[in-house]
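Provided below are the primary sequence and the corresponding predicted coordinates.
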Amino acid sequence: MRKWSIVRLTQQARVALQSVLKKLQGTGQTVRRAPIVLQADTDGPKGIDERIAAAYACRTRTVARLRQRCVEHGGDAALHRVERQHPPGEKLWTGAQEARSIATRLGPPPKGSTHWTLRVLARPVVAWAIVDAGSDATVRRTRKKPA
């Protein structure tokens, strides 16, 4: 597999990763990721993704993502989890946008449709600029009652 992200760790980052392994400090996730990042270093062992994945019982995609995060955000950032941009419980639309989508549904369905479906409702919600982007799945999550 061709490497798209070439990891070049500084001496300071390499020492920090080795200390994580020696002391087994940090979360389990950090301790599992540290040797993978060390193996991926070009100045070190220069591991191939498939071999690294086999050695540490993970997928090659995991190794590739760690490489990419290490190159883009640094060695320390690759060890820790990435926060989601939109957590699962977060509301996608404002109250006014929800109200307008409900009002749209109360009117007659568009030509060619006998009744409103989520897919049919998603088209006018975006076309009438109620929201910037949306799909039938977004409409479904918005219309669902909160738990």
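The structure has been received and is ready for your questions.

which intervals of the protein have sub-threshold pLDDT?
Low-confidence segments of the chain, defined by pLDDT under 70, are located at 1-3, 44, 89-91, 126-134, 136, 141-147.

what's Ala34 in contact with, if anything?
Applying C-beta atoms under 8 Å, 6 or more residues apart in numbering to Ala34 gives the contacts 17, 20-21, 79. All C-beta spots, glycine's among them, are computed from the backbone N, C-alpha and C.

okay, now Leu79: neighbour count?
As a burial measure, Leu79 scores 23 neighbours (other C-beta atoms under 10 Å).

so it is in contact with Thr30, correct?
Yes. Leu79 lies in contact with Thr30 (C-beta atoms under 8 Å); the separation is 4.7 Å.

what do the two both touch?
By the contact definition C-beta under 8 Å, 6+ apart, Leu79 and Thr30 are jointly contacted by Val20.

what's the span of stretch 102-120, first residue to last?
13 Å (C-alpha to C-alpha, to the nearest Å).

Ala137 and Ala122: what is the separation?
9 Å (C-beta to C-beta, to the nearest Å).

just want to know which of those two has more residues nearby.
Comparing Ala137 with Ala122 by other C-beta under 10 Å, the one with more neighbours is Ala122, at 20 against 11.
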